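Novice: Would you be able to build a 3D model of this:
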Amino acid sequence: MTCNPNWAEVKDNLLHGQTASDRPDIVLRIFNANKDELINIKVKQQFIGEVQAYSYVFEHQKCGLHHVHLLLTLKQNSKLTTSNIVDECISAEILNPDTDPELHNIVIENMIHGPCGDWCKDGKGKCSKYFLKKFHDETRMDENGYPTYRRTDTGHDAASVVVTDANNSENVIHHDAIKNCIDTRYVSPFEACERIYCRSLQNKRHAVIRLPVHLPNQQIVTIGDAESEGAIRNALENETMVSLTQHEQLGQTQQHTLNGKQKDIVHTILNVALSNEEGLLKSCFYIDGPGGSGKT
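Specialist: Numbering: from 1, shown residues only. All right, here's what the predicted structure looks like:
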């Protein structure tokens, strides 16, 4: 979702003569409110199905307004598994102005890429964003479930025209804002406000913690390009993480060192954690005790 300076909430709160760029504080507050509403629609209202987890991150751009990348992981019974289900949720076409005038205007004003130029072309002259997209009469999904959206050929909707003086090539101004800029850290007014307000630039649910365990002989080994044979052997033998078997043995050893009260606490918490009862899963435990009494 990209911030839109033409949002009615933004314009209504600007003073006479002000633009959205003059009030990054207002724009940010409205953008965050819309972001929260987007998550509410997708996650709590289950607009496209039940959400297992989500993660989002903000991006602030020098040449444009900020936006948020939102990744949703749907539960198995809500995944978009067929082309028909994808078409019900996602459209990659310019909609009919007669049947969907509001959405048609939004797409035309905010979601058209181009015309392509030096700003988006790679060294081979191709668009780095892979435009123009090929037309497809129907949505197709590959073996990994990645869709190629339906884009029917309805003819050209726009044309890019450049008018120059054929007899005078000197009136063409060659200006590249990217090549002429200074290689430095640029903080936009919007990102500066975000930092001042101490807002997090990312969030996720649920938090995922990588445990320092691995299956037998599946540990991560890092070897440099110029490493000697001895260094490679040492890297293979270096155990930066313990295996699941070692982890279980460590847990069993620690279990025997617990006293009666500590074992009762561990068993109580494990019974709740392994329970399928909804009421028990919402339980909260608070363990109180002086330092050195073995709470950890």
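Novice: Please identify the buried residues of the helix or strand that contains residue 29?
Specialist: Element membership for residue 29, per DSSP states H and E: helix 24-39. For helix 24-39, the neighbour count (16 or more other Cβ atoms under 10 Å) marks 24, 26-32, 34-35, 39 as buried. The way it works is simple: take the backbone N, C-alpha and C, and place the C-beta from them, glycine included.
Novice: a markdown table please, covering these and showing distance to residue 8 and pLDDT.
Specialist: Shown next, in a markdown table, are these (distance: Cβ to Cβ, whole Å; pLDDT from 0 to 100):
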| residue | distance to residue 8 | pLDDT |
| --- | --- | --- |
| 24 | 18 | 88 |
| 26 | 12 | 91 |
| 27 | 13 | 90 |
| 28 | 17 | 89 |
| 29 | 14 | 91 |
| 30 | 10 | 92 |
| 31 | 14 | 91 |
| 32 | 16 | 91 |
| 34 | 11 | 93 |
| 35 | 17 | 92 |
| 39 | 21 | 91 |
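Novice: if we can go back for a sec, and the helix holding residue 29, what does it pack against?
Specialist: Contact here means 3 or more Cβ pairs under 8 Å, 6 or more residues apart in numbering; DSSP states H and E; on that basis helix 24-39 packs against helix 8-12, strand 51-59, strand 67-74, helix 189-196.
Novice: Where do the helices of this structure begin and end?
Specialist: Ranges of helices in the chain, per DSSP state H, are 8-12, 24-39, 83-89, 101-110, 189-196, 229-237, 244-256, 260-273, 278-281.
Novice: Among those, which comes closest to residue 220?
Specialist: helix 229-237 (10.1 Å; Cβ to Cβ).
Novice: so for the closest one, what's the average pLDDT?
Specialist: Per-residue pLDDT over helix 229-237 has a mean of 75.
Novice: What of stretch 78-98?
Specialist: 87.
Novice: how about the helices of the chain in CSV, adding distance to residue 133?
Specialist: Formatted as CSV, the helices of the chain follow (distance: least, Cβ to Cβ, whole Å):
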stretch, distance to residue 133
helix 8-12, 31
helix 24-39, 25
helix 83-89, 16
helix 101-110, 14
helix 189-196, 30
helix 229-237, 45
helix 244-256, 46
helix 260-273, 48
helix 278-281, 46
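Novice: Residue 210 is nearest to which of those helices?
Specialist: Of these, nearest to residue 210 by Cβ to Cβ is helix 244-256, at 13.7 Å.
Novice: Which secondary structure element of this structure has the lowest mean pLDDT?
Specialist: strand 242-243 (a mean of 61; mean pLDDT, DSSP states H and E).
Novice: picking that back up, what's the closest of the helices of the chain to residue 76?
Specialist: helix 83-89 (13.5 Å).
Novice: Show me what the closest one is in contact with.
Specialist: 48, 80, 138-141, 147, 149-150 (Cβ atoms under 8 Å, 6 or more residues apart in numbering).
Novice: Of those residues, select the buried ones using a PyMOL command.
Specialist: PyMOL command restricting those to the buried ones, with burial defined by 16+ other Cβ under 10 Å:
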select buried, resi 48+80+139+147+149+150
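Novice: Closest to residue 292 out of the contacts of helix 83-89?
Specialist: residue 48 (51.5 Å).
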